[in-house]
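J.: here is a sequence with its predicted model. Questions after.
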Amino acid sequence: MDGKKLLMIVNPRSGKLRSRGPLFDAMCVLCDAGWLVKLHLTAGPGDAAETAAAEGAGYDAVICVGGDGTLNETVSGLMELKSPPPLGYFPRGSTNDFAASLRIPLDPVQAARAAVSAAPRRLDVGRWNRRSFVYVASFGAFVRSSYAAPQEAKNALGHFAYILEGMKDLNTLRPYRLRLTADGERLDGEYLFGAVCNSTSIGGLMKLDPDRVVLDDGKFEMLLIPSPRSAGELNDLIRALLNQEYDRGGLVFRHVSSVQVEPEEELPWSLDGEYAPAAAAVTIENRRQALAFLLGGTE
């Protein structure tokens, strides 16, 4: 790796980046491994994507330091390049769902050591209409809380910030009627929540069985929560979710490569915890093994 150039994109407002000491130590690990590191501190929303797209092609690797939103931006920028460089990730956010799925160390020094020892591993990347996402596109109940919780609350409270914000939505909890097709299967209906994901964790709250999630197979895991018609059905749904029994309680669980959604009313989305405005029609596609990641011993 001697003499290779690395661009480190850092979100200084990220939830767990209060102390710069661990980040400095991580940079020392990278430099000792022969990387020539350029540090870029993001100035605000969109900066990570713009920097990755504008400068990424000039580097042998990129490392993103921040939360899931910063990772989403960095991947979105790299996916604009014809030949994007490998991407490393130092998780420093409030939930770090992607990192949890891949067992990426939360300590920057350990993450740096894993990155410098890693052979690049190609993983799937999602496309939601014209936007990229790393691990989840979701709609419905509590989705607003993933992007509406103030950054200060996320920094201080972590997962609890999402719960507090989500409680504000309880009085407006309602189903959305959708025309939905997944790999040719019609699944039209009324749903409280839906997620098309490539992760074992959604919002740090909902868990998927790691044995059923493969991150490089060209397939998403799609979970749909239908609107219950009785208290008994509601109890069945809750029990199935708590026990991760996604084929029970009326839940809809599929492994799919493409999804088309046409809502009958305005339906906002969240992409990796970032807001995506409602659209009359949404096409979600899996771009199999579209980006190489430096992940260390995660397999």
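T.: Now that the structure is in, tell me what you want to look at. Here the structure is a predicted model, which means the values were calculated and not measured.

J.: hey, where'd the strands end up in the stretch 151-299 of the chain?
T.: Assigned by DSSP state E, counting those that start in this stretch, the strands in the stretch 151-299 of the chain fall at 176-182, 185-186, 189-197, 201-202, 206-207, 220-226, 252-256, 258-263, 269-271, 274-276, 282-294.

J.: buried set for the third one?
T.: Spelled out, that is strand 189-197. Of the residues in strand 189-197, 191, 192, 193, 194, 195, 196, 197 count as buried by neighbour count, 16 or more other Cβ atoms under 10 Å. Heads up, the C-betas are built off the backbone N, CA and C, glycines and all.

J.: tell me which of the strands of the stretch 151-299 of the chain sits most buried.
T.: strand 269-271 (a mean of 25; mean count of other Cβ atoms under 10 Å).

J.: partner strands of that one, parallel or antiparallel?
T.: Based on DSSP bridges, the pairing partners of strand 269-271 within the sheet are strand 136-140 (antiparallel), strand 274-276 (antiparallel).

J.: these: which one's closest to residue 266?
T.: Nearest to residue 266 among the strands paired with strand 269-271 is strand 136-140; the distance by Cβ to Cβ comes to 10.8 Å.

J.: taking strand 220-226 as reference, get the angle to that closest one.
T.: Strand 136-140 runs at 10 degrees relative to strand 220-226, counting by axes from the mean of the first three to the mean of the last three Cα atoms, to 10 degrees.

J.: what angle sits between strand 136-140 and strand 189-197?
T.: Using the same axes, to 10 degrees, strand 136-140 lies at 160 degrees relative to strand 189-197.

J.: now strand 136-140: average pLDDT?
T.: Averaged across strand 136-140, pLDDT comes to 88.

J.: likewise stretch 24-43?
T.: The average pLDDT within stretch 24-43 is 94.

J.: so residue 72 makes contact with residue 275?
T.: No: with contact defined as Cβ atoms under 8 Å, residue 72 does not reach residue 275; the gap is 11.1 Å.

J.: next one: residue 80 from residue 193, what distance?
T.: Summarising the geometry, the distance separating residue 80 from residue 193, computed by Cβ to Cβ, to the nearest Å, is 31 Å.

J.: go on, residue 55?
T.: For residue 55, the distance to residue 193 (Cβ to Cβ) stands at 38 Å.

J.: where does pLDDT dip in this protein?
T.: Judged against pLDDT under 70, the low-scoring parts of the chain cover residues 1-2, 15-19, 94-95, 142-173, 202-206, 296-299.

J.: helices along that one, start to end?
T.: Secondary structure of the chain (DSSP state H): helices at 21-32, 47-55, 68-78, 97-102, 108-116, 143-148, 151-157, 159-167, 231-242.

J.: show me the beta-bridge partners of residue 121.
T.: residue 293.

J.: that one - how many residues pack around it?
T.: Other residues near residue 121 come to 18 when the count uses other Cβ atoms under 10 Å.

J.: over to residue 43?
T.: When neighbours are counted by other Cβ under 10 Å, residue 43 registers 12.

J.: related to what we said a few turns ago, out of the strands of the stretch 151-299 of the chain, flag the one nearest residue 236.
T.: Minimum separation from residue 236 across the strands of the stretch 151-299 of the chain (Cβ to Cβ) falls at strand 220-226, 10.6 Å.

J.: and the closest one, which strands flank it?
T.: Strands that pair with strand 220-226, judged by DSSP bridges, come out as strand 189-197 (antiparallel), strand 252-256 (antiparallel).

J.: with distance to residue 216 added, can I get those strands in TSV?
T.: Written out in TSV, the entries for those read as follows (distance: least, Cβ to Cβ, whole Å):
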stretch	distance to residue 216
strand 189-197	14
strand 252-256	13
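
J.: pretty sure residue 277 contacts residue 268?
T.: Yes: between residue 277 and residue 268 a contact is recorded at 6.5 Å, counting by Cβ under 8 Å.

J.: and these two? which has more neighbours close in?
T.: Neighbours of residue 277 and residue 268, each counted by other Cβ under 10 Å, are more numerous for residue 268; the result is 15 against 8.

J.: let's have the strands of the stretch 151-299 of the chain in JSON lines, adding distance to residue 131.
T.: Listed next are the strands of the stretch 151-299 of the chain as JSON lines, based on distance: least, Cβ to Cβ, whole Å:
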{"stretch": "strand 176-182", "distance to residue 131": "19"}
{"stretch": "strand 185-186", "distance to residue 131": "24"}
{"stretch": "strand 189-197", "distance to residue 131": "13"}
{"stretch": "strand 201-202", "distance to residue 131": "18"}
{"stretch": "strand 206-207", "distance to residue 131": "22"}
{"stretch": "strand 220-226", "distance to residue 131": "15"}
{"stretch": "strand 252-256", "distance to residue 131": "18"}
{"stretch": "strand 258-263", "distance to residue 131": "14"}
{"stretch": "strand 269-271", "distance to residue 131": "6"}
{"stretch": "strand 274-276", "distance to residue 131": "7"}
{"stretch": "strand 282-294", "distance to residue 131": "10"}
